[in-house]
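Participant: Structure for this input, please:
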Amino acid sequence: MWKEFKDFIMTGNVIDFAIAVILAGAVGLVVNGFVQDIIMPIVGHFAGGMDFSDLAYELSPAVGVEGEEGFKPANAIRWGKWLNSIISLLTVGLVLFYLGKAKIRAMGAAPDPGPTPDQELLGEIRDALKK
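Facilitator: Numbers count the residues shown, from 1 in each chain. Model prediction:
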């Protein structure tokens with residue numbers, strides 16, 4: 001069983017997948033930093049300097065003083081954080097879309113491989129049946 005596991009782990013697909021997951025995590029940090037540190041301040045600027053993450057609908061107020069015994073924080077629907085998440089999702093999607101387009105443009109269009117031998121044979125059969 002150990003040998004089977006070792007063979008499975010050492011296959012190229014598993015190693016490629018592991019590398020892809022690690023790189024995706026690193027790219028995710030870079031893209032998230034771009035969105036949070038560059039895009040969101042610009043969006044906030046055009047929204048009148050507002051920070052969306054502070055927006056909330058308070059259901060019940062805080063009780064007591066923060067840091068003291070018996071303190072209960074306010075119960076609120078933090079819709080501003082959710083709005084930030086939506087803006088982040090759209091921005092990340094847009095950035096990835098443009099990265100994909102740039103990659104396709106840089107690689108150029110793939111040449112048409114033409115019909116496979118099976119498709120050629122089927123075409124000959126079709127033509128023979130038409131006659």
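Participant: Thr91: neighbouring residues, count only.
Facilitator: Per other CB atoms under 10 Å, the neighbour tally for Thr91 reads 19. Just so you know, the C-beta spots here come from the backbone N, C-alpha and C atoms, and that holds for glycine as well.
Participant: In this structure it contacts Asp37, no?
Facilitator: No - the criterion here is CB atoms under 8 Å, and Thr91 misses it with Asp37 at 11.8 Å.
Participant: Apart from its chain neighbours, what residue comes closest to Ser60?
Facilitator: Closest residue in space to Ser60, ignoring its immediate chain neighbours: Asn75 at 4.5 Å, by CB to CB, 6 or more residues apart in numbering.
Participant: just the strands in this structure please.
Facilitator: Secondary structure of the chain by DSSP state E: the strands cover 57-60, 75-77.
Participant: out of the ones you listed, which comes closest to Lys103?
Facilitator: strand 75-77 (40.1 Å; CB to CB).
Participant: strands paired with the closest one, and their directions?
Facilitator: Pairing partners of strand 75-77, with direction, according to DSSP bridges: strand 57-60 (antiparallel).
Participant: Next up, the contacts around Ile77.
Facilitator: Shown in contact with Ile77 (CB atoms under 8 Å, 6 or more residues apart in numbering): 56-57, 59.
Participant: any idea which of the strands of the chain is most buried?
Facilitator: strand 75-77 (a mean of 13; mean count of other CB atoms under 10 Å).
Participant: Now that strand: average pLDDT?
Facilitator: Strand 75-77 shows an average pLDDT of 89 in the prediction.
Participant: dump the residue contacts of Arg78.
Facilitator: By CB under 8 Å, 6+ apart, Arg78 lies in contact with 53, 55-56.
Participant: No further queries at this time; thank you.
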